[in-house]
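Participant: Sequence isn't available, so here's the structure alone:
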């Protein structure tokens with residue numbers, strides 16, 4: 001009985017110590033995601049590149065501050081992918097390889113990172129980058145990863161959007177409609193009025209849905 005009481009007290013003490021740290025991490029992550037969305041979708045030209053470069057440093061600081069948190073590595077990967085879009089081809093190639101390494105690190109720490117978002121990011125990366133010998137692009141691998149994301153979060157807004165977009169790009173409009181419908185009906189992780197990334201994703205979902213309405217097969 002005494003042993004059980006002692007273990008209970010230890011458990012409570014751990015929660016009291018880790019609770020505030022987790023709250024700090026989630027707040028830092030939300031702030032980072034907001035800044036990333038602004039840089040990625042609202043800034044343009046040299047300003048976009050400047051903001052993303054600054055965020056790259058912030059992302060790496062998050063991985064150092066929270067080395068056991070999968071999401072810190074996930075977002076360090078995401079910002080690298082975004083920066084690769086505005087860099088030279090040679091620099092971009094290095095960034096996408098770093099992106100893959102960071103997202104794989106996130107998945108190693110937590111296979112369910114951000115409710116399957118990590119699989120969506122990695123799958124999209126495999127779908128978009130060139131294949132061998134230039135890079136590691138692989139449509140089959142992309143399909144597997146994106147399906148894994150949907151398996152992890154079958155009702156997820158992001159996971160269903162990522163897979164719907166991939167299928168649309170492959171010309172599989174019938175299956176794409178299935179997943180975009182799920183994305184449209186998904187409950188967002190945060191209210192869109194409080195989260196720029198969510199608001200932007202919902203806009204992308206509506207845009208893809210409109211595109212699919214014009215396809216006849």
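Facilitator: Noted; the coordinates are in hand. Just so it is clear, the structure is predicted and the values come from calculations on it, not from any experiment. Residues are numbered from 1 along each chain as shown.

Participant: Please, which helix or strand holds the residue positioned nearest the centre of the chain?
Facilitator: Among the residues of the chain, the one closest to the centroid is residue 117, at 4.4 Å (CA atoms, centre = their mean). For residue 117, the element it lies in under DSSP states H and E is helix 117-128.

Participant: what's that helix packed up against?
Facilitator: Using 3 or more CB pairs under 8 Å, 6 or more residues apart in numbering; DSSP states H and E, the elements in contact with helix 117-128 are helix 70-84, helix 89-109, helix 139-152, helix 157-169. The C-beta positions use only the backbone N, C-alpha and C, and glycine is treated the same way.

Participant: Compile the ones you listed into a markdown table and extend it with columns for mean pLDDT and distance to residue 50.
Facilitator: Listed next are the helices and strands packed on helix 117-128 as a markdown table, based on pLDDT from 0 to 100; distance: least, CB to CB, whole Å:
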| stretch | mean pLDDT | distance to residue 50 |
| --- | --- | --- |
| helix 70-84 | 96 | 11 |
| helix 89-109 | 95 | 15 |
| helix 139-152 | 97 | 30 |
| helix 157-169 | 98 | 27 |
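
Participant: Could you dump the ones you listed into TSV and include mean neighbour count?
Facilitator: As requested, the helices and strands packed on helix 117-128 are exported to TSV (neighbours: other CB atoms under 10 Å):
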stretch	mean neighbour count
helix 70-84	25
helix 89-109	18
helix 139-152	18
helix 157-169	24
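
Participant: Quick one: closest of those helices to residue 184.
Facilitator: With CB to CB, the closest approach to residue 184 among those belongs to helix 157-169: 8.6 Å.

Participant: What is the subsequent helix or strand relative to the closest one?
Facilitator: helix 173-185.

Participant: Any buried residues in that following helix, and which?
Facilitator: Buried positions in helix 173-185, judged by neighbour count with 16 or more other CB atoms under 10 Å: 173, 176-177, 179-180, 182-184.
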